[in-house]
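Enquirer: Okay, sequence plus prediction incoming.
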Amino acid sequence: MSGRALLSVEDVAVDLPTPRGNLRAVDHVDLSVGAGRTLGIVGESGCGKTMLSRAILQLLPKKARLSGRVMFDGQDLARCGAGVLRKLRARSLAVVFQDPMTSLNPVLTIGTQLVETLQEHLELDAATARQRSAELLAAVGIPAPEQRLAQYPHQLSGGMRQRVAIAIALSCEPKLLIADEPTTALDVTIQAQILDLLAREQRRRHMAMILITHDLGVVAGRTDEVAVMYAGRVVERAPTVQLFKTMRMPYTEALFAAIPKLDAAPHTPLPAISGRPPDPTRPLRGCSFSPRCRYANGRCQQEKPALADAESPDHRYACFHPIAPAAGGAS
Amino acid sequence: MQDTTQFHAVDPLLKVEDLVVEYGVGGRTIHAVSGVSLQIARGETLGLVGESGCGKSTLGRAVLQLRPAVSGRVLFDGEDLTAMRGEALRRMRRRVQLIFQDPIASLNPRRRIGDIVAEPLVIAGYKDSGERQALVEEVLNAVGLDPTVVSGRLPHEFSGGQCQRICIARALVLKPEFIICDEPVSALDVSIRAQILNLLEQMKARYGLTLLFIAHDLAVVKAVSDRVAVMYLGRLCEVGPSEQVFANPAHPYTALLIAAIPVPDPDVRPAESIAAGEPPSPIAPPSGCRFRTRCPRADERCAAEVPELSLVAPGQYAACHHPLA
């Protein structure tokens, strides 16, 4: 897969200066996504998943320092000029954020925002752009698209706004779509609709997608590969089915076990992970998960485990005491 | 008229009878809660599920009389809260507490944790500061916080999960009988969520609590609830024992909610396009059954007639003209 990766993130680290000292938000991450494939990035708040997506998009805060390479379609985005980036973002790299209200302009109509994007990026004339806008809204499941074009974002529900944000992201036929918690702000039935929509459009357009979420349930049925992040690092990475069948990294297992399951009887105590993630301005010497890990010993506190291969080269995990494959996939 | 079996629990602590809550926005009326009846037995956890805008939070607030009801009654331990005023209501509220979704926003950022947790005691007239301190320490210990470490600190020094522990401590300090938990874990990360859910269960056992647990996440609700009530656009769709409702939902909306949950199992393929449409506006809810505009089973009767909650299986009630078998 890595042979013809559309995107490959190589040894990327992001440092943010804070009043409390340097904060390493992303700690030497390697990832790749092939054309038409879906990568899920899973982790809890502060694990660095959003900073990683911003590093890929070159949308980091001004003060952030980025090291490593972000190879996209043969170019290192970290070393591209503003003009090249602008063109790339216009034509091949798109993003959908968690809160559609922050990505839509509240004082412009939906139509203006879509038409503007299409005219700017695809150099269409106004009438064609308007026609195409209506088609796009229809494609993302918005009823009466012609009327919606004249409406403002606040006149739409959260789900409809997210559909508009997706329409704008898809308008230029991107090669890669980064969806950062696209359904976290939405209700569960609307979440299912939006995830379906993303999956459908991805297949139709043979577009690559990075789906960033805190919810293992969201990535389970909808990605080819999953990377689990903890404290800035990728701690386990595997093809989705394999990850769920044989979790090796204790954090992945613990995160999975902590989800309430529908088939469990009421009042079943949840195997909670004790404690909380480490302070990112005070990095630990050893494994970041070791203070919360039930398998950790002295070595885990002293040494950082590297992301190593499991049985197959596409399943990698960073742990000295991985869960035995037979016992994996805790239930 | 209605099948009233569900309103005859052995020992109901809370009874909500035909409660209607409406409020005006820009000259229009929002029908937030439209004739909801339910009851919660002493020691029971009732989970109340529904999507945003279904009226579940309004219902929780109306129980506490934080929102005036247009009509209907709320009986707590046999006494009608809707008829109470002033001192009587204040005294009753000591027995009922509320925990909110955003734990950080519900703590005063300028006050120390010890004072925040002691405040209900001050309001309730505990004059002896030594007694107050002892009660605060006991309850902080109970929620897993060290009183000597946390009492002097300010809320911003704590994570979301710890703030929720503090909120739970504050809710417990008056030794209430009944707690309304309004989305208590939806702002928390998965690993922290499990800690707080377990804590609520422990506290329920330790203090002999009865809980109304409001949430949008069915799996979370099922983890803690004896019975669940499903709400859609101001009305109850279905009420019944948790396991039974999840195994055999009778209302099509309950089935839709269950099908929409993302299952952490790659072998379970997500059902495509199960959930057509969006909830209509509570300003102009549909006639008859309010779910009919999204329901695959809806017919003319559903538009004409409001379905009443009726018995579909032992203990399980659904408000549907065409319940699932």
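Expert: Alright, I've got the coordinates.
Enquirer: low pLDDT regions in the stretch 201-331 of chain A?
Expert: For the stretch 201-331 of chain A, the stretches with pLDDT under 70 are A:326-331.
Enquirer: One more pass at 50, please.
Expert: A:327-331 (pLDDT under 50).
Enquirer: in it, which spans are helices?
Expert: Taking DSSP state H, counting those that start in this stretch as the test, the helices found in the stretch 201-331 of chain A are A:216-220, A:240-245, A:250-257, A:298-302.
Enquirer: Which of the ones you listed sits closest to residue B:125?
Expert: Closest approach to residue B:125 among these (Cβ to Cβ): helix A:250-257, 45.2 Å. (Glycine included, C-beta is placed from N, CA and C.)
Enquirer: domain ranges for chain B?
Expert: B:5-95+B:178-191+B:200-318, B:106-175 (automatic domain parsing).
Enquirer: what's the average pLDDT for the last one?
Expert: Put plainly, it is domain B:106-175. For domain B:106-175, the mean per-residue pLDDT is 94.
Enquirer: for the longest one, same thing?
Expert: Confidence over domain B:5-95+B:178-191+B:200-318 (mean pLDDT, whole number) is 90.
Enquirer: Is there a neighbour count for the closest residue to residue A:251 other than its chain neighbours? I'd like the number.
Expert: Nearest residue to residue A:251, sequence neighbours excluded (Cβ to Cβ, 6 or more residues apart in numbering or on different chains): residue A:289, at 4.7 Å. Residues within reach of residue A:289, counting by other Cβ atoms under 10 Å in any protein chain shown, total 27.
Enquirer: what do you get for residue B:65?
Expert: For residue B:65, the count of nearby residues is 18 (other Cβ under 10 Å).
Enquirer: Next, count neighbours for the closest residue to it other than its chain neighbours.
Expert: Among residues not flanking residue B:65 along the chain, residue B:81 sits closest, at 5.4 Å (Cβ to Cβ, 6+ apart). When counting by other Cβ under 10 Å, one arrives at 22 neighbours for residue B:81.
Enquirer: Next, format the domains of chain B as a markdown table and append distance to residue A:259.
Expert: Below are the domains of chain B laid out as a markdown table (distance: least, Cβ to Cβ, whole Å):
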| stretch | distance to residue A:259 |
| --- | --- |
| domain B:5-95+B:178-191+B:200-318 | 6 |
| domain B:106-175 | 16 |
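Enquirer: in the stretch 1-150 of chain A, what residue is nearest chain B?
Expert: The minimum distance from the stretch 1-150 of chain A to chain B, using Cβ to the nearest Cβ, falls at residue A:44 (4.0 Å).
Enquirer: That residue touches residue B:188, doesn't it?
Expert: No. Look at residue A:44 against residue B:188 with Cβ atoms under 8 Å: they stay out of range, at 9.4 Å.
Enquirer: Tell me where the chain has strands.
Expert: I'll assume chain A. A:5-18, A:21-34, A:38-42, A:65-72, A:75-76, A:93-96, A:176-180, A:208-213, A:225-230, A:233-239, A:308-309, A:316-317 (DSSP state E).
Enquirer: try again with chain B
Expert: B:12-25, B:28-41, B:45-49, B:71-76, B:79-80, B:96-99, B:178-182, B:210-215, B:227-232, B:235-241, B:310-313, B:316-318.
Enquirer: so what strands line up beside the shortest one?
Expert: Strands flanking strand B:79-80 in the sheet, each with its direction: strand B:71-76 (antiparallel) (DSSP bridges).
Enquirer: For residue A:269, list the residues it contacts.
Expert: Contact analysis of residue A:269 by Cβ atoms under 8 Å, 6 or more residues apart in numbering or on different chains lists B:198, B:201.
Enquirer: Could you pull up the residues touching residue A:43?
Expert: Residue A:43 makes contact with A:49, A:214, A:228-230 under the criterion Cβ under 8 Å, 6+ apart.
Enquirer: Need the nearest residue in space to residue A:258, chain neighbours excluded.
Expert: The nearest residue in space to residue A:258 (Cβ to Cβ, 6+ apart) is residue B:194, at 3.9 Å.
Enquirer: Could I get the contacting residues of the one you found?
Expert: The neighbours of residue B:194, taking Cβ under 8 Å, 6+ apart as the test, are A:258-260, A:270-273.
Enquirer: which bits of the stretch 1-150 of chain A sit near chain B?
Expert: A:44-45 (Cβ under 8 Å from any Cβ of the partner chain).
Enquirer: can you list the weak-confidence ranges in the stretch 1-150 of chain A?
Expert: Within the stretch 1-150 of chain A, the ranges that satisfy pLDDT under 50 run A:1-2.
Enquirer: if we go to 90?
Expert: Counting by pLDDT under 90, the stretch 1-150 of chain A has low-confidence residues at A:1-4, A:20, A:45-46, A:86-91, A:97-103, A:116-124, A:126, A:138-144, A:146.
Enquirer: which ones are touching the nearest residue to the residue of the stretch 1-150 of chain A closest to chain B once chain neighbours are set aside?
Expert: Nearest non-adjacent residue to residue A:44, counting by Cβ to Cβ, 6+ apart: residue B:189, 4.0 Å away. The contact partners of residue B:189, taken as Cβ under 8 Å, 6+ apart, are A:44-45, A:214, B:160-161.
Enquirer: Which of the residues you listed sits closest to residue A:278?
Expert: The nearest member of the contacts of residue B:189 to residue A:278, counting by Cβ to Cβ, is residue A:44 at 12.1 Å.
Enquirer: for that closest one, what are its contacts?
Expert: With Cβ under 8 Å, 6+ apart, residue A:44 has these contacts: A:214, A:230, A:255, A:277, B:189-192.
Enquirer: at 7 Å instead, please
Expert: A:214, A:277, B:189-191 (Cβ atoms under 7 Å, 6 or more residues apart in numbering or on different chains).
Enquirer: Next, format the residues you listed as a markdown table and append distance to residue B:21.
Expert: Listed next are the contacts of residue A:44 as a markdown table, based on distance: Cβ to Cβ, whole Å:
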| residue | distance to residue B:21 |
| --- | --- |
| A:214 | 33 |
| A:277 | 40 |
| B:189 | 33 |
| B:190 | 33 |
| B:191 | 36 |
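Enquirer: Tell me how many other residues crowd whichever residue of the stretch 1-150 of chain B sits closest to chain A.
Expert: The nearest approach of the stretch 1-150 of chain B to chain A comes at residue B:51, 3.9 Å away (Cβ to the nearest Cβ). By other Cβ under 10 Å, 20 other residues sit near residue B:51.
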